[in-house]
Structure formats: C-alpha cells, structure tokens
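In: the following comprises the amino acid sequence and a computationally predicted model.
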Amino acid sequence: MTLPAAAEQEQPVPATGDLEDRVPGFLDRLENYRPADDTVSSAGESPPTIQRHAERPNFNLEELGHSFNPASFFHPELAPPEINSDLAFWGNHVFQGNYDGFRVIDASDPNNPVEISHARCNGNQGDIVVWENILVRSWNSPAGPASRCDGEAVPVGWEGLHIWDISNLAQPDMIASVELPCGSHTATAVPDPENNRLLVYNQGAGGPCYFIDIVSVPLDDPASPELIWQEPLRGQNGCHDSGVILGDVNMMVCASGSSANVFDIGDNDWEGGSLDDPEFLYTIEEEGVGRKPPGEDHSGGWHSATFTWDGEVIILGWEPGGGAAPECEATDPDFTKSAFFYDAATGAKLGQWTLPRAQTAEENCTIHNYNVVPTRDGRDILVSGNYQAGTWVTEFTDPAMPRVLAWSDPEPLDP
C-alpha cells in the first residue's frame, strides 16, 4: 500500500525501554500539558470555536464544523474531567457520551453544530446507544458516595446501565437503571422490533466476567428493563466491544482478549442462534495480539470489532500498551499499528491495514475505534480514530490491498 502524496513525514523518535518506561513518560507529559493560546489560555477565558484543522498535517479531509467541549483529567482549573468517549447518531442529531453524562447536538447544519443539552451522570466511561426515543448509557465503575445521575443519588457500589427517555432532547430524563455484576464499559444496540424491545449487548468493565450481558428494554415500557441472559465467552477474558449485523446475516463479533468470539444470532446459514441466546461459532486470533509477560512491550487485547455492511468481512483492532503507549513508531512492528480483516463466514484472514505515517515517541497511538461508512456503490471504507495519530480514512474493498483515502494527524501533545 502506498501513501498518497502529502506532507513529508516527521522523523520518528526511536522507542527506548519497555512498556513501564514508555507509558509513565506519556502520562507525565499529559499531566504537565497546558493547552496552547489558541485553545484555552487560562481558566475563565472563552475557548475558540475552530480547532485549526487546516494547520495540522492532513490530506484530503476538510473540516466542516465543531462543537467544543473542553475536558481535562489533570487540570480541572482549565476544564472539567468530562472526557469524551463515544458517539451515537439518530437522524440529524449526535449524542456524545462523556465521563459526566452525554451531550445532545443538532447537526442538521454540519457547518454549525449546536448543543441542545448536556445531561449529567458522573459515572465514568459513558458509552451510549440510541434507538428512537431511548438512550442507554454505560456506567463503568462502582459508584462512590458523591455519584449522581440526572440529579439522583446513585447507590454506593452500583454499576451498570442507565436508561434515558430522550423524547424531549432539551431535557433528557433518566427513567431506569440495570445493575450489572461487572458494570458497563461499552454497549451495543440490537433492535428487535418484532418482539417490541431493544436488546443491549453489554460489555463489562473488567474482572473475571467471561460473558456478555444481554439486557432487554421494552419499547412500550422502557422504564422496565431487565437482564435476561449472560452469554459465555471462550477464553479467560471479558468482552471489550461487540459488533453486530442483522438482516440476512445475523452475526455478532466480540473483541475479547487475544481471542475474538464470533456468534450466530439469528436466521442465516448456521442453526441455533437467536438475538437473546447467541450460538458460538469460532474464535479469531492474530499473531502478536494479546497479553505479554510483565516487562515486555506491546501487551494488550482486542479492543474493537465490526462488520462491513454486507456482513462479509470482520474488522478487528486492538489496544497494545493500554492506549497510553506510543505504539505507532517506525520501529514498532506492524501488528501494533494495524486493523485486521477476516472472512466473516470462516474467520480466515483476508488482509490488514497498517498506519503508514510513523508517530513519535511523544504520541500515544493505537488503531483504536472505527466505523465502516455506508456507500451507494458498495465500496468498503473505514474511518478510524487513533489517539494522537488522528483520523484516517481507508478503503478496503479489496482487503488484501487497502489504500488510504484521507487523513488528519495532529502535532504531538507535547508542550
């Protein structure tokens, strides 16, 4: 694969030391980081509305609009710690999950997105799914004594899912909750209108929870959700993320440790699976992907999973270094900075895309999250967010020969 002509690549800084050396260095830089004057110069000053996309290295991407939501883990004097975590879409509205609830944004004019409301719920992570007037939000860790959601106290130790009525976008209303044994790190919507329900496949936050929770939310009574099934996983790992395709395909893939689990969930070429009782099919493993012994670099597990829109290809990505390490340097092996493509019918590997623009030792990077863009001509196009490697658009209609269509790569987060 060749990179389109664009800005020259920066000379990478070679990696030194093992993971324990590299991760704290990044965190130290992040803790000492102060935004530049064109972002937020001091507490109380108004931030700008333009993020200067055109001034960073980029190719074939044009900024349209921006909805600013500054956040900081380490510097609350500059911005609250409501880090953005997830996006969901319904019609012309964007729902942005974060560590303190979610924002509702009107994107009918993409050049000028407008925030409608910010519902508060201070359980961290904040992954979200939306179906019609129902929003479901993940609460990742056991609640503390000051935890609240939509103004209501959350019991100490509670973790799981909150159900919201979003029929009034200006004032979302938290109407129910489902406590789950391992909390909720990510959630996947599985609409089942034939049975008048929205199913939610829930991925726990950690611990010895080698299963996927299946929660049912009645469409005519969303205030009465319930946990109806826990689907066991193969391998001693939980599920970090699941991708689902319905229609004539009816499959689910779970990004789990070093063994992605693939399931039949309905009418298709296999027998036995259903939306509320999946049938295990096979696992996918990739050389280099998985936990390493202490002191070794490139340790992590499968992070994200999805399908092409025709259901023929599974896309998997992983998170070496826990997302905090610089895993995309020129000296890093290809498997640390790649998305992988597999035949959904068999699990056979079809190809992989490797980030072609080397990052520095100052930049944490993995092929982190992504979506497949629906196209009228049947092409398969992946848009990925990769921490400090920025945003990349890749066509993989031929998975053996993926090609870059566009990218935007910000400068290192290093004062």
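Out: Everything's here; your move.

In: so for stretch 354-373, first residue to last residue, what's the gap.
Out: 19 Å (CA to CA, to the nearest Å).

In: cool, and stretch 239-250?
Out: End-to-end distance for stretch 239-250, by CA to CA: 19 Å.

In: what's that stretch in contact with?
Out: If you take CB atoms under 8 Å, 6 or more residues apart in numbering as the criterion, stretch 239-250 is touched by 185-186, 188-191, 201, 203-204, 211-212, 233, 251-256, 261, 264-268, 273, 275, 301-307, 309-311, 314-315, 319, 344. Just so you know, the C-beta spots here come from the backbone N, C-alpha and C atoms, and that holds for glycine as well.

In: before we move on, what about stretch 338-351?
Out: 249, 251, 253, 262, 269, 282-284, 286, 307, 311-317, 352-355, 367, 370, 382, 384, 394, 396, 398-402.

In: could you do stretch 182-195 as well?
Out: By CB under 8 Å, 6+ apart, stretch 182-195 touches 86, 125, 127-131, 136-142, 159-161, 198-207, 209, 213, 219, 238, 240-244, 246, 265, 275-276.

In: go through it and flag the buried ones.
Out: By neighbour count on 16 or more other CB atoms under 10 Å, the buried set for stretch 182-195 is 182-192.

In: low pLDDT regions in the stretch 51-200 of the chain?
Out: For the stretch 51-200 of the chain, applying pLDDT under 70 flags the ranges 51.

In: show me where it has its strands.
Out: 58-59, 84-90, 93-98, 101-106, 114-119, 125-131, 134-139, 148-149, 152-153, 160-165, 173-179, 186-192, 197-203 (DSSP state E, counting those that start in this stretch).

In: show me the one of those strands that comes nearest residue 337.
Out: strand 58-59 (17.8 Å; CB to CB).

In: tell me the centre residue of the protein?
Out: residue 369 (4.5 Å; CA atoms, centre = their mean).

In: coming back round to it: selecting buried members of the contacts of stretch 182-195 in PyMOL, what would you type?
Out: Only the buried entries of the contacts of stretch 182-195 go into this PyMOL selection, using 16+ other CB under 10 Å:
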select buried, resi 86+125+127+128+129+130+131+136+137+138+139+140+141+159+160+161+198+199+200+201+202+203+204+205+209+213+219+238+240+241+242+243+244+246+265+275+276
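
In: still on that earlier bit, okay, the strands of the stretch 51-200 of the chain in CSV with distance to residue 338 next?
Out: Listed next are the strands of the stretch 51-200 of the chain as CSV, based on distance: least, CB to CB, whole Å:
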stretch, distance to residue 338
strand 58-59, 20
strand 84-90, 23
strand 93-98, 27
strand 101-106, 31
strand 114-119, 36
strand 125-131, 24
strand 134-139, 27
strand 148-149, 38
strand 152-153, 44
strand 160-165, 32
strand 173-179, 36
strand 186-192, 21
strand 197-203, 22
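
In: all set, thanks.
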